[in-house]
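Novice: generate a structure from the sequence data that follows.
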Amino acid sequence: MDENRLISTGLNSGRGAYGTIVAGEGVHFVLDDGRRIVDASNTGGPLGHGHPEVVAAVREAAVAPVISEGWLWPEREHAARELIETAFADELGWIGGVRFVLSGSEANDLALSLAQVLTGRSTVATRERAYHGMNGLARAVTVQPHWHGGLSSEVGEVRPAPPATKVVRIPAPDGARIRGNRQPQSATDLLANASELLADSAAVVVDYSQGGVYHTVEYQDAVAEAARSVGALWIADEVVTGFGRQFGWFAFQEGSSRPDIVTLGKPLAGGASPAGAVVVSQAIMDELKSQSWQTYSTFRGHPLTMAAVRAHLRVLVREGLVGRARELDGVMRDNLARVVAEHPSVCRVDGRGLHWTVELNGVDWRTWSGNAASDPLATRVAARAAQAGALIGTSGEPSSLFLAPPLIISDEELQTVFSALDEGLSVADEALA
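Specialist: Numbering: from 1, shown residues only. A predicted model of the protein is given here:
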């Protein structure tokens, strides 16, 4: 039977645009034709593929009991304590508690619903071009137009799913480190009316990389101040940026403000298991005392996930990987500047640490809803880059590419990524000439 029965949505549009993945080894994917290409866009695999220590931990946990979230199980409590004492070691005066969930989407949904309960408000807020997931309230605050949770057809018909609640959008910064707006509006001016916009909101959730938007510390602190001035909670979405992706354990630590809630996902379990978490401040933990947070799931905090989380934390500390993205920030900036200097098709490049976005001239993301009759330009660029040795993601947009290789990537392997990007961008230059 040749007919495809899997319902899916790809980050690189079109089946077979880059090949079929059959295995992974370290920072490489293995394709069905035998080629090995560098995994250059995988925020869920910080340790690459098949890290031996994580694999061993998961194998050992495979004989653990099938234990739901509703039953007490010491390993889950040990994992929560280890997460706090390791990843949040510099935040012990702030952090209150952890609840493990199945994904970053679920974490954001639960964090927003908790904020609604605590504040008695239903409206939620985010910034422009945000992505926070596809479940419940997380989908509501995903305002990238092509991730609307509905249907898009090749002939142009779009049927978006209705939002779960009222959503307020605050302006997003539009700066760039290499090509683009090098003198963006100050955070103070950009968010001058943020308090007014957030006046009826239960919470504002902000992330640090989605849609190619990378915040300054001034932006974060201005959002935090505006939220607290009107009694709204501030949620830091660290689903992508947590655990060393940018400049430290978490992106929010670069600013002086501290969130009410932090959400975690993608890299939490080192890529070995689906995982997420809602981390609350001590102030919120105090509000929850003597109360039960009435939300439940069979597989939250699953034994395989808890084993993977703890192994991931051990590897990060022992191998000093949390500082690696900061060390490579200059390497990424200088090499990307060198590459895009030769390609007029690139209109904007921005990023931090080991997460960067390259935007192409062409279709405006604001007007694109995922309905493409043929492979979008970014997909064609990614396909050419794959032929040159690296799989580069497109974030599902027609004109955006993102680079987020594993934290263990070597300097030589990074050069393969830059060379592949250089080759791929020649497709965009030809198309837009």
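Novice: which stretches of the chain aren't confidently modelled?
Specialist: Where the chain drops to pLDDT under 70, the residues are 1-2, 12-17, 373.
Novice: tell me where the protein has helices.
Specialist: Using DSSP state H, the helices of the chain run over 52-61, 74-87, 104-119, 136-140, 187-190, 194-197, 217-229, 282-288, 303-318, 324-340, 377-387, 411-432.
Novice: closest one to G93 among the ones you listed?
Specialist: helix 282-288 (7.7 Å; CB to CB). Yep, even glycine has a C-beta here, placed from its N, CA and C like the rest.
Novice: and that closest one, what does it pack against?
Specialist: The contact analysis (3 or more CB pairs under 8 Å, 6 or more residues apart in numbering; DSSP states H and E) places helix 282-288 against strand 95-101, helix 104-119.
Novice: can you list contacts of it?
Specialist: By CB atoms under 8 Å, 6 or more residues apart in numbering, the residues outside helix 282-288 that reach it are G93, W94, I95, G96, G97, L114, L118, D260, I261, V280.
Novice: isn't the fourth one right up against V262?
Specialist: The one in question is G96. No - applying CB atoms under 8 Å, one finds G96 not in contact with V262, separated by 10.6 Å.
Novice: so which of the helices of the chain is nearest G248?
Specialist: Nearest of the helices of the chain (CB to CB): helix 324-340, 7.1 Å.
Novice: could you give the angle of the closest one to helix 411-432?
Specialist: Per axes from the mean of the first three to the mean of the last three CA atoms, to 10 degrees, the angle that helix 324-340 makes with helix 411-432 is 40 degrees.
Novice: ok so, going back, columns mean neighbour count and distance to P163 on top of the helices of the chain, output as a markdown table?
Specialist: What follows is the helices of the chain, written out as a markdown table (neighbours: other CB atoms under 10 Å; distance: least, CB to CB, whole Å):
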| stretch | mean neighbour count | distance to P163 |
| --- | --- | --- |
| helix 52-61 | 16 | 37 |
| helix 74-87 | 17 | 32 |
| helix 104-119 | 24 | 12 |
| helix 136-140 | 24 | 5 |
| helix 187-190 | 15 | 24 |
| helix 194-197 | 16 | 17 |
| helix 217-229 | 20 | 20 |
| helix 282-288 | 14 | 25 |
| helix 303-318 | 22 | 30 |
| helix 324-340 | 17 | 34 |
| helix 377-387 | 24 | 27 |
| helix 411-432 | 18 | 34 |
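Novice: which one of those lies closest to Y296?
Specialist: helix 104-119 (10.9 Å).
Novice: helices and strands around that closest one, which ones?
Specialist: strand 95-101, strand 123-127, helix 136-140, strand 201-206, strand 233-237, strand 261-264, strand 276-281, helix 282-288.
Novice: any chance of a markdown table for those, columns distance to R76?
Specialist: Output for the helices and strands packed on helix 104-119, formatted as a markdown table (distance: least, CB to CB, whole Å):
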| stretch | distance to R76 |
| --- | --- |
| strand 95-101 | 7 |
| strand 123-127 | 29 |
| helix 136-140 | 23 |
| strand 201-206 | 26 |
| strand 233-237 | 23 |
| strand 261-264 | 15 |
| strand 276-281 | 11 |
| helix 282-288 | 17 |
